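1. sequence? don't have it. structure:
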Ligand SMILES: NC(=O)c1ccc[n+]([C@@H]2O[C@H](COP(=O)([O-])OP(=O)(O)OC[C@H]3O[C@@H](n4cnc5c(N)ncnc54)[C@H](O)[C@@H]3O)[C@@H](O)[C@H]2O)c1
């Protein structure tokens, strides 16, 4: 295991794609306790662009070479899902801490192999996304309120998660990224959105069982060719504005792709606290209206309701107003106004709101330097992964899937 008795963590990044250049690299480059030692991409021009834009010290085309030769303590794995298990295991074998973008894996054997190896090696690992996790102070706050009984007994809950990456009738499909979002080993839209099960767990605690139906609903899509991203990156000069999302949503989608994995799944989750509810991951015509469709978790209890996304990050009404920090004239407690995101081409995070890419990066570095266990660790990733794997298994067998993992949360 790599010892980091130092004030800086040396980081390598594999995958110089959209998520790396839009979110992680601009943040890593300005962190005082990080040295951006290396970047790696199969596409040499992308790695070279990240040296130029973000000041990385070295560029690699081969991940194994970066792991074996670069002077790094930790690696950020930001490649397409088909590489995640292989890259994580290579990092662990070399004693590198890591951040792994979603999904951790698309089956339990792979996810368990990663989790066991991390624990055995005593490394720090963060499994994204941390947006709906105890790392987000709003989520930790909501979990506390629910634990204290702000909703009473949960009657039922419902969550609709969809892609809001396009304006118009393109059914919320990702505008680029065949390998990341459409290929069979990407896990499809189901595994693109661990945000959905994580949102439920974040507020209600661990899951006990899953019953589900899953299918490929919309097989034919058009995306923006990869060359457009290369052109964008080649022309980028400001590291703080290298966000391809700002332009890709308006570019013509001229490349035909097939959705090869589940893009429409309806899961009934039974939570360990007895709550039962539905979670739908699928496409919608875009835009919808505030509070409808994407991201709108609603939880109904004997003492109150908790609604996400109805113009606020979250809103609660309860007979236990004494538990709420404040209420408006109608009795609702609101967290953070969000504005009307329903018409946004690509909703930007509300200024000052939790930015999961930055928070995860900071948290991993802090945990490495202080030798602390991350909050969004392999146990968290394993449980959220199992909720999605459970959806696939239940849909295939027609039987209820009993969860084998749990969380102390
Ligand atoms: N784009 C986003 O906003 C976003 C948000 C959240 C999570 N993610 C996740 O991040 C990951 C990457 O997504 P993306 O949108 O950046 O995809 P992307 O296709 O833009 O980037 C992936 C990059 O990895 C490189 N790559 C692929 N195989 C490689 C290999 N063997 N060795 C080295 N480099 C390799 C590709 O050349 C490409 O540049 C996915 O798992 C996705 O689910 C993306």
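-> Arrived safely, thanks for sending. What you see is a predicted model; the values in this text were computed from it and never measured.

2. let me see the contact set for residue 209.
-> Neighbour list for residue 209: 269, 270, 390, 400, 401, 402, 403 [criterion: CB atoms under 8 Å, 6 or more residues apart in numbering]. To be clear about C-beta, it is placed using only N, CA and C from the backbone, and glycine gets the same treatment.

3. can you do 7 Å?
-> For residue 209, the contact set (CB atoms under 7 Å, 6 or more residues apart in numbering) comprises 270, 400, 401, 402, 403.

4. just the element for it, please.
-> Secondary structure assignment for residue 209, by DSSP states H and E: strand 207-215.

5. roughly how far out does that strand sit from the chain middle?
-> Centre-to-centre, strand 207-215 and its host chain are 20 Å apart (CA atoms, centre = their mean, to the nearest Å).

6. then stretch 356-372?
-> How far stretch 356-372 lies from its chain's middle: 16 Å, per CA atoms, centre = their mean.

7. my guess is residue 158 contacts residue 300. True?
-> No. Under the criterion of CB atoms under 7 Å, residue 158 makes no contact with residue 300, lying 8.4 Å away.

8. who's more crowded, those two?
-> More crowded of residue 158 and residue 300, by other CB atoms under 10 Å: residue 300, with 17 against 14.

9. get me the contact residues on this protein for the ligand.
-> Neighbours of the ligand within the chain, by CB under 6 Å from any ligand atom: 14-20, 40-43, 46, 63, 78-81, 83, 101-102, 177, 179-180, 192.

10. swap in 5 Å and give it another go.
-> For the chain, the contact set with the ligand under CB under 5 Å from any ligand atom comprises 15, 17-19, 41-43, 46, 63, 79, 81, 101, 177, 180.

11. highest neighbour count among those?
-> Highest neighbour count within the residues of the chain next to the ligand, by other CB under 10 Å: residue 15, with 27 neighbours.

12. would you check how far apart that residue and residue 355 are?
-> Separation of residue 15 from residue 355 (CB to CB, to the nearest Å) stands at 19 Å.

13. can you list phi and psi of the residue lying closest to residue 20 once chain neighbours are set aside for me?
-> Spatial nearest neighbour of residue 20, excluding adjacent residues (CB to CB, 6 or more residues apart in numbering): residue 78 at 4.4 Å. With angles defined as degrees, to the nearest 10, residue 78 sits at phi -120, psi 30.

14. residue 78: neighbour count?
-> Per other CB under 10 Å, the neighbour tally for residue 78 reads 29.

15. that one reaches residue 19, doesn't it?
-> Yes. Taking CB under 7 Å as the definition, residue 78 is a contact partner of residue 19 at 5.4 Å.

16. between the two, what contacts are shared?
-> By the contact definition CB under 7 Å, 6+ apart, residue 78 and residue 19 are jointly contacted by residue 101.

17. go ahead and confirm residue 321 touches residue 327.
-> Yes. At 5.5 Å, residue 321 and residue 327 qualify as touching, with contact defined as CB under 7 Å.

18. state the helix or strand in which the residue in the stretch 301-409 of the chain that the ligand sits nearest to lies.
-> The stretch 301-409 of the chain approaches the ligand most closely through residue 357 (7.6 Å), counting by CB to the nearest ligand atom. Using DSSP H and E, the element containing residue 357 is helix 356-370.

19. let me know the next secondary structure element after that helix.
-> Next helix or strand after helix 356-370 toward the C-terminus (DSSP H and E): helix 378-397.

20. pLDDT score for the residue located most distally from the centre of the chain?
-> Here the chain reaches farthest from its C-alpha mean at residue 329, the gap being 35.3 Å by CA atoms, centre = their mean. Residue 329 is assigned 94 on the pLDDT scale.

21. the one 10 residues further on now?
-> Residue 339 is assigned a pLDDT of 54 by the prediction.

22. show me the beta-bridge partners of residue 207.
-> When bridges are called by DSSP bridges, residue 207 pairs up with residue 271.

23. Provide a list of residues in contact with it.
-> By CB under 7 Å, 6+ apart, the contact list for residue 207 reads 201, 269, 271, 272, 387, 403.

24. by mean pLDDT, flag the weakest helix or strand of this protein.
-> strand 332-337 (a mean of 85; mean pLDDT, DSSP states H and E).

25. quick one: strands adjacent to that one?
-> Using DSSP bridges, strand 332-337 pairs in its sheet with strand 312-318 (antiparallel).

26. what comes into contact with the strand it pairs with?
-> Here strand 312-318 has contacts from 138, 142, 145, 150-151, 303-308, 324, 331-338, using CB under 7 Å, 6+ apart.

27. would you mind checking those residues for buried ones?
-> Among the contacts of strand 312-318, those classed as buried by 16 or more other CB atoms under 10 Å are 142, 145, 150-151, 304-308, 324, 332-335, 338.
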